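Visitor: Sequence first, predicted coordinates after that:
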Amino acid sequence: MTVEDPDQGRVALVTGGSRGIGAAIAQALAADGYRVAATSRSGTAPEGVLPVVCDVTDADSVDAAFTTVEKELGPVEVLVANAGITRDTLLARMSEEDFTSVLDTNLTGAYRVIRRAARAMTRARFGRIVVMSSVVGLLGSAGQVNYAASKAGLIGIARSVSRELGARGVTCNVVAPGFISTDMTAVLPDKVIADYRARIPARRLGEVDDVVNAVRFLTSDATSYITGAVIPVDGGLGMGH
């Protein structure tokens, strides 16, 4: 698949872009005129988006994916590091593999794609990097020691990258979604959803578009003076953290 007009729009890459929030981000950027590729292990992507097979836990796979995007679309100018997994269980039951696999995908995976993207961005003296964290990385969550650790670590990555690459015109920011209404949350018991809604100052669950709009803002050319920021999209749930 190639874009219809390969000479127009910045090149954007969304990891974990085959479904859910990642797919919605990829579609929105494509609608905004970006030339968009989306990676996933399955190699599927929304219509109008270049699908690329990639396992972010494998450095060679990451390099191959970027090489494909560079060949088909050009150097990556906008990166949304969205790929992530969960293996929730209480600490007493959490195996070391449960912990390390989540860290390897969510945290080290982000490091791998950011490191690879930084090559072209620093040469071009332009780049927009957005990493997808979570309110859980700020608040903590019972049964999610691994996930919370990975999402908190992304903030450290983003702020360090901001200090290293800021002088080269590269920004790196964090979006931290809260309780977002998706297929995954739709199966939760009504009481659980009601309890969350009562804790959220906005008194509603977030929508996928709430997250998408934050990413669209941070990836735009107009945000050159915003870097190292954590943007909560949580209706106030994590306020003060």
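Guide: Looks like it came in fine.
Visitor: Which of the helices and strands in the chain ranks last by mean pLDDT?
Guide: Sorted by mean pLDDT, DSSP states H and E, the helices and strands of the chain end with helix 183-186, the least confident at a mean of 74.
Visitor: Following element in sequence after that one, please.
Guide: The helix or strand immediately downstream of helix 183-186 is helix 190-199, counting by DSSP states H and E.
Visitor: biggest helix in the protein, by residue count?
Guide: Counting residues, the longest helix in the chain under DSSP state H turns out to be helix 145-165.
Visitor: After it, which helix or strand is next?
Guide: Later in the chain than helix 145-165, the nearest helix or strand by DSSP H and E is strand 170-177.
Visitor: Okay, now the sheet partners of that next one, with direction.
Guide: Using DSSP bridges, the strands paired with strand 170-177 in its sheet are strand 127-132 (parallel), strand 230-233 (parallel).
Visitor: ok, the residue nearest the centre of the chain to residue 194 distance?
Guide: Taking Cα atoms, centre = their mean as the criterion, residue 82 is the residue nearest the geometric centre of the chain, at 2.4 Å. Counting by Cβ to Cβ, to the nearest Å, the gap from residue 82 to residue 194 is 28 Å. (Each C-beta comes from the backbone N, C-alpha and C, glycine too.)
Visitor: burial count for the closest residue to residue 151 other than its chain neighbours?
Guide: Leaving out its chain neighbours, the residue that sits closest to residue 151 by Cβ to Cβ, 6 or more residues apart in numbering is residue 137, at 3.0 Å. Counted with other Cβ atoms under 10 Å, the neighbours of residue 137 add up to 24.
Visitor: ok now do residue 137, which residues does it touch?
Guide: Residues near residue 137 by Cβ atoms under 8 Å, 6 or more residues apart in numbering: 148, 150, 151, 152, 153, 154, 155, 176.
Visitor: same deal with residue 84?
Guide: Contacts of residue 84 (Cβ under 8 Å, 6+ apart): 16, 105, 106, 109, 132, 150.
Visitor: Just give me the neighbour total for the closest residue to the third one other than its chain neighbours.
Guide: Leaving aside its sequence neighbours, residue 106 sits nearest to residue 150 (Cβ to Cβ, 6+ apart; 3.6 Å). Neighbours of residue 150 under the rule other Cβ under 10 Å: 27.
Visitor: Residue 184 now?
Guide: Other residues close to residue 184 by other Cβ under 10 Å number 10.
Visitor: Burial check on residue 208, number of neighbours?
Guide: Neighbour count of residue 208, defined by other Cβ under 10 Å: 17.
Visitor: what's the spacing between the residue nearest to it when sequence neighbours are not counted and residue 169?
Guide: Closest residue to residue 208 apart from its sequence neighbours, by Cβ to Cβ, 6+ apart: residue 24 at 4.9 Å. Using Cβ to Cβ, residue 24 is found at 27 Å from residue 169.
Visitor: These two: which is more packed in?
Guide: Neighbour totals were compared for residue 24 and residue 169, and residue 24 leads with 20 against 14 (other Cβ under 10 Å).
Visitor: What strand or helix carries the more buried one?
Guide: Using DSSP H and E, residue 24 falls in helix 20-31.
Visitor: returning to what we had before: deepest of the strands paired with strand 170-177, which one?
Guide: With neighbours taken as mean count of other Cβ atoms under 10 Å, the strands paired with strand 170-177 reach their highest mean count in strand 127-132, at a mean of 27.
Visitor: Need the CA coordinates for the following helix or strand past that one. PDB is fine.
Guide: Once the chain leaves strand 127-132, the next helix or strand it forms, by DSSP H and E, is helix 136-139. Provided in PDB are the C-alpha atoms of helix 136-139 (Å, rounded to 0.1, in the frame of the first residue of the first chain):
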ATOM      1  CA  VAL A 136      -2.200   4.500  36.300                       C
ATOM      2  CA  GLY A 137       1.400   5.500  35.900                       C
ATOM      3  CA  LEU A 138       0.700   8.600  38.000                       C
ATOM      4  CA  LEU A 139      -1.800   7.100  40.600                       C
END
